[in-house]
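J.: give the three-dimensional model of this entry:
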Amino acid sequence: MSPRNRLLYTLAILICIIAAMHLAAMLLFLYWALWWYDIILHFLGGVFVGFLALWLNFFSGYFGTPALPSSRRVLCFVLVVTLVVGIGWEVFERLLGHTWSVEGYWLDTSVDVVLDLLGGVAAFSYFKHEYMNRG
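T.: Numbers count the residues shown, from 1 in each chain. As a prediction, the model looks like this:
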């Protein structure tokens, strides 16, 4: 399987897992019953956004066929994209009124964004190992 298709396949599996976990959370009230449940979803969301940004930039062909820059530049790219999407998601939740509790709102939001970023770092680490270190 080509690297392009392998990463796309990984993205498809990951979004199915995230969707299934979110559906289970909504049906079984897991976000309210298990305080840590959204931690997993934010981390996986960060992994998804990181992989998606990497696939779009380096494998999709939408931006030509760019050569892979240094690891530091790829990491910065993933972190910036993940941060923008993570903050955008938090703004989206706030605008929709899906922040039911105002106590600890900023702490919860900060933890969510940090977990998004950690997911982005995990995506970068995998990408570096699988795609950048292979000559």
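
J.: ranges for the helices of this structure?
T.: Secondary structure of the chain, counting by DSSP state H: helices at 3-28, 30-33, 37-58, 71-96, 105-127.

J.: can you give me the buried ones in the last one?
T.: It stands for helix 105-127. 109, 112-113, 115-124, 126-127 (16 or more other C-beta atoms under 10 Å). Glycine gets a C-beta too; all of them are placed from N, C-alpha and C.

J.: over to the fourth one?
T.: Counting neighbours by 16+ other C-beta under 10 Å, one finds that the buried residues in helix 71-96 are 74-75, 77-79, 81-83, 85-86, 89-90.

J.: could you give the mean pLDDT of it?
T.: Here helix 71-96 scores 93 as its mean pLDDT.

J.: got it, and the shortest one?
T.: Along helix 30-33, the predicted local confidence has a mean pLDDT of 91.

J.: by contact count, what packs against it?
T.: helix 37-58 (3 or more C-beta pairs under 8 Å, 6 or more residues apart in numbering; DSSP states H and E).

J.: quick one, the helix it packs on and helix 71-96 angle?
T.: 130 degrees (axes from the mean of the first three to the mean of the last three C-alpha atoms, to 10 degrees).

J.: centre of the chain versus helix 37-58, how much separation?
T.: Using C-alpha atoms, centre = their mean, to the nearest Å, the distance from the centre of helix 37-58 to the centre of the chain it belongs to is 2 Å.

J.: what residues of that helix count as buried?
T.: Here helix 37-58 shows 37-38, 40-55, 57-58 as buried, counting by 16+ other C-beta under 10 Å.

J.: ditto for stretch 55-69
T.: By 16+ other C-beta under 10 Å, the buried positions in stretch 55-69 come out as 55, 57-59.

J.: and stretch 8-28, by the same measure?
T.: Going by neighbour count (16+ other C-beta under 10 Å), the buried part of stretch 8-28 is 8, 10-11, 14, 18, 21-22, 25.
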